[in-house]
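A.B. asks: sequence plus predicted model, see below.
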Amino acid sequence: MPDFPCLSCGACCAAFRVDFHCSDLATAEHPGVPLKLTVPLTATLVRMRGTDDAPPRCIALEGRIGQEVRCAIYAERPGPCRDFAPYAPLGIGDDACDRARRRHGLSPLAL
Ligand code: SF4
Ligand code: SF4
């Protein structure tokens, strides 16, 4: 069983604003992000609650950053979360992943 580094990190969920289109919200027709976990931005955009707090931390993030974390809405997480550092689960970071990890005192992923 591979050791997925994101499960012992979570830094990006407590580093950046997470804004996304309303089409990622849950509706009667399809699952998605619960509206109550977001704040409205514009007529078509919402933001994950907590991600513009100081310090930021997404309301859906559970656990302790750098130790053990989980996204409470992982299966329904919004687009930006699905797209972020796509190879990080394999141990391959990128600039944004490195930046988030540094903010939380974590070293960049190996590759
Ligand atoms: S993508 Fe990078 S910053 Fe985000 S949880 Fe995974 S290792 Fe941490
Ligand atoms: S929705 Fe989940 S993956 Fe996205 S920032 Fe929040 S805790 Fe992280």
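C.D. replies: On my side now, so go ahead. Ligands and ions are numbered 1, 2, ... in the order given.

A.B. asks: tell me how far G10 lies from R70.
C.D. replies: According to C-beta to C-beta, to the nearest Å, G10 and R70 sit 8 Å apart. Just so you know, the C-beta spots here come from the backbone N, C-alpha and C atoms, and that holds for glycine as well.

A.B. asks: any residues in contact with both of these two?
C.D. replies: 61, 63 (C-beta atoms under 8 Å, 6 or more residues apart in numbering).

A.B. asks: neighbour-wise, which of those two wins?
C.D. replies: G10 (26 against 14; other C-beta atoms under 10 Å).

A.B. asks: how about the residues of this structure by ligand 2?
C.D. replies: For the chain, the residues in contact with ligand 2 (C-beta under 6 Å from any ligand atom) are 13, 18, 48, 58, 60-61, 71, 73, 77, 81.

A.B. asks: can you pull out the strands in this structure?
C.D. replies: Here the chain has its strands, by DSSP state E, at 19-21, 38-40, 45-48, 61-64, 68-71.

A.B. asks: pull out the buried positions in the last one.
C.D. replies: By that I understand strand 68-71. 69, 71 (16 or more other C-beta atoms under 10 Å).

A.B. asks: contacts for it, please.
C.D. replies: 6-10, 13, 58, 60-63, 77, 81.

A.B. asks: repeat for the third one
C.D. replies: Taking contacts as C-beta under 8 Å, 6+ apart, the residues outside strand 45-48 that touch it are 17-22, 25, 33, 35, 37-41, 58-60, 78.

A.B. asks: that strand near ligand 1 at all?
C.D. replies: No - shown here: strand 45-48 not in contact with ligand 1 (C-beta under 6 Å from any ligand atom), separated by at least 13.9 Å.

A.B. asks: parallel or antiparallel, list what pairs with that strand.
C.D. replies: Each strand paired with strand 45-48, and its direction, by DSSP bridges: strand 19-21 (antiparallel), strand 38-40 (antiparallel).

A.B. asks: nothing else from me, thank you.
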